[in-house]
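Enquirer: Need coordinates for the below:
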Amino acid sequence: MTTPAADRARYDRATAHLDAPLAIVDLEAFDANAADLVRRAGGKPVRVATKSVRCRALLERVLARDGFAGVMSYTLAESLWLARSGFEDVLLAYPSADRAGFAELAGDPKLAAAVTVMVDDPAQLELVDAARAGGVEEVRVCLELDTALHLLGGRVRVGARRSPLREPSRLADLARQIASRPGFRLVGLMAYEGHIAGVGDAVAGRPLRSRAVRLMQAAARRELAARRAEAVRAVRSVVPDLEFVNGGGTGSVESTVAEDAVTEVAAGSGLYVPRLFDNYTSFRGRPAALFAQPVVRRPGVGVVTVLGGGYPASGAAGADRLPVPYLPEGLRYDPQEGAGEVQTPLLGAPADDLLIGDRVWFRHAKAGELCERFDELHLVEGDRVTATVPTYRGEGRTFL
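Expert: The predicted model follows:
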């Protein structure tokens, strides 16, 4: 492991011939993070969440490693594009209302064999059938189980509002509808425990909150393990040859794969390790995806201004959704200005050592959203850029 100062020197040397703003992926860190995800998965395959990567070249790189199998996409248009590009196992993790996409899926045997779509309501089946436009291919579908933890008789809910299917009996009912409906084949079940996988349990400077999160997550893991096992039994009673049961995310790999009912785990953010994934007791990753902004002003002592940088992440608005100045260490936002659309002042003693044209390296709050800001990623090995690859955006693909 290198020091932050050594990493900064490497990144500056590697990109000295390039103009900032720019984004990089440190391949040594990326590969180390991939190896750690496989270790944590304990022999169960890891399905790569594409929204956390958003770069075909890096998806192909990680899928070439042992321990990874298939991708989890986020829109139907993306799913079809990936399938046309040669990805053979694409699980769409969210329901879609893309009628043109469903017509294309139902009319192409290659796409229909590669793509599995998400269903949690009979109305979604009706929409697919209405969109077929004469396509007769069987559509592969997956059910999603609601994973939220309900407390105080359901008056308190902890977890994302996703699928309406909470009780195993309701999943079995929908499974029976799919099994008896021509043109569809139920192949999988998914349950994403975001309140465990996506919420850090060791937030620096907040010991009481961290303890409360750990207690909540322990209770949630127990409740979900029992309910997920029951749901899988209920669905398999209808469809014994269910191909997969997907669960988890980067922050919950160990606990998710420990459940016998789960056959594979999803992960993506653990490859880039954005700042929101610093706060976990279960693992420590290496920051692999960074972006650099150039210093364009020196307004005074202890202050520099960089170009751009206002790249907030999705989710409830807050300081934790902002990128963090990473290298050189010790810089912080001006609380009166924050991260700006066109310029961002940064405060701290390291500012006095920065000259016009120098770089400040940032980490994004989330993973793949960084790629919506840059057309390409420069892949760094040691102190050299060894390749430059397009992001989804660089390929003209902005799916949402």
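Enquirer: Return the list of strands paired to the strand ranked longest in the chain, each annotated with direction.
Expert: In the chain, assigned by DSSP state E, the strand with the most residues is strand 289-300. With DSSP bridges as the test, strand 289-300 is paired with strand 22-26 (antiparallel), strand 303-307 (antiparallel), strand 359-363 (antiparallel).
Enquirer: can I get the ones you listed in CSV with mean neighbour count?
Expert: Any C-beta I mention is one placed from the backbone N, CA and C, and that applies to glycine too. Formatted as CSV, the strands paired with strand 289-300 follow (neighbours: other CB atoms under 10 Å):
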stretch, mean neighbour count
strand 22-26, 23
strand 303-307, 21
strand 359-363, 24
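Enquirer: Kindly reformat those strands as CSV containing mean pLDDT and distance to Leu111.
Expert: As requested, the strands paired with strand 289-300 are arranged in CSV below (pLDDT from 0 to 100; distance: least, CB to CB, whole Å):
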stretch, mean pLDDT, distance to Leu111
strand 22-26, 98, 29
strand 303-307, 98, 42
strand 359-363, 97, 36
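Enquirer: Check which residues of stretch 94-108 are buried.
Expert: Buried residues in stretch 94-108, defined by neighbour count with 16 or more other CB atoms under 10 Å: Tyr94, Pro95, Ser96, Asp98, Gly101, Phe102, Ala103, Glu104, Leu105, Ala106, Asp108.
Enquirer: Distance of the first one relative to Thr75?
Expert: Yep, that's Tyr94 we're talking about. Separation of Tyr94 from Thr75 (CB to CB, to the nearest Å) stands at 7 Å.
Enquirer: and Ala261, what helix or strand is that in?
Expert: Assigned by DSSP states H and E, Ala261 falls within no helix or strand.
Enquirer: Now do the same contact list for it.
Expert: Shown in contact with Ala261 (CB atoms under 8 Å, 6 or more residues apart in numbering): Ala225, Arg228, Ala229, Val232, Arg233, Val245.
Enquirer: Retrieve the pLDDT associated with it.
Expert: On pLDDT, Ala261 comes in at 96.
Enquirer: Now distance to Ser163 too, for the strands paired with strand 289-300, in TSV please.
Expert: Output for these, formatted as TSV (distance: least, CB to CB, whole Å):
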stretch	distance to Ser163
strand 22-26	33
strand 303-307	42
strand 359-363	32
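Enquirer: Buried residues of the longest helix seen in the chain, list them for me.
Expert: For the chain, the longest helix by residue count, based on DSSP state H, is helix 207-236. Residues of helix 207-236 classed as buried under the neighbour-count rule (16+ other CB under 10 Å) are 210, 213, 216-217, 220-221, 224-225, 227-232, 234-236.
Enquirer: Same question for stretch 289-299.
Expert: By 16+ other CB under 10 Å, the buried positions in stretch 289-299 come out as Ala289, Leu290, Phe291, Ala292, Gln293, Pro294, Val295, Val296.
Enquirer: same question for it, mean pLDDT?
Expert: In this model, stretch 289-299 carries a mean pLDDT of 98.
Enquirer: before we move on, what about stretch 114-128?
Expert: In this model, stretch 114-128 has a mean pLDDT of 97.
Enquirer: And for stretch 153-168?
Expert: 84.
Enquirer: Which of the three states applies to the closest residue to Leu331 other than its chain neighbours?
Expert: The spatially closest residue to Leu331, leaving aside those adjacent along the chain, is Pro325, at 4.0 Å (CB to CB, 6 or more residues apart in numbering). Following DSSP: H, G, I helix; E, B strand; the rest coil, the label given to Pro325 is strand.
Enquirer: Return the per-residue confidence for Pro325.
Expert: 97.
Enquirer: Tell me who's in contact with it.
Expert: When contacts are counted by CB under 8 Å, 6+ apart, Pro325 is found next to Leu331, Arg332, Tyr333, Leu346, Val360, Trp361, Phe362.
Enquirer: and what of Ser282?
Expert: By CB under 8 Å, 6+ apart, the contact list for Ser282 reads Arg40, Asp201, Gly251, Ser252, Val253, Glu254, Ser255.
Enquirer: Kindly report the same for Ala35.
Expert: Arg65.
Enquirer: That one belongs to a strand, doesn't it?
Expert: No - read with three-state DSSP, Ala35 is helix and lies in no strand.
Enquirer: how much space between it and Arg222?
Expert: Applying CB to CB, the value for Ala35 to Arg222 is 30 Å.
Enquirer: Which parts of this structure are helices?
Expert: Taking DSSP H as the criterion, the chain carries its helices at 4-14, 27-41, 56-63, 76-84, 99-106, 109-114, 122-131, 168-179, 194-197, 207-236, 253-257, 269-272.
Enquirer: Near the closest residue to Met216 other than its chain neighbours, how many other residues are there?
Expert: In space, Met216 comes closest to Val158 once its chain neighbours are excluded; the distance is 6.0 Å by CB to CB, 6+ apart. By other CB atoms under 10 Å, 17 other residues sit near Val158.
Enquirer: Contact partners for Val158?
Expert: Neighbours of Val158 in contact, by CB under 8 Å, 6+ apart: Ala148, Leu149, His150, Leu151, His195, Met216, Ala220.
Enquirer: Just give me the closest of those to Gly382.
Expert: Within the contacts of Val158, the smallest distance to Gly382 is 39.2 Å, found for His195 (CB to CB).
Enquirer: For the closest residue to that closest one other than its chain neighbours, grab phi and psi.
Expert: In space, His195 comes closest to Gly159 once its chain neighbours are excluded; the distance is 4.1 Å by CB to CB, 6+ apart. Phi and psi for Gly159, reported as degrees, to the nearest 10, are phi 140, psi 160.
Enquirer: What is the burial count for Gly159?
Expert: Counted by other CB under 10 Å, the residues lying close to Gly159 total 20.
Enquirer: Any idea what Val265 is bridged to?
Expert: Val46, Gly247.
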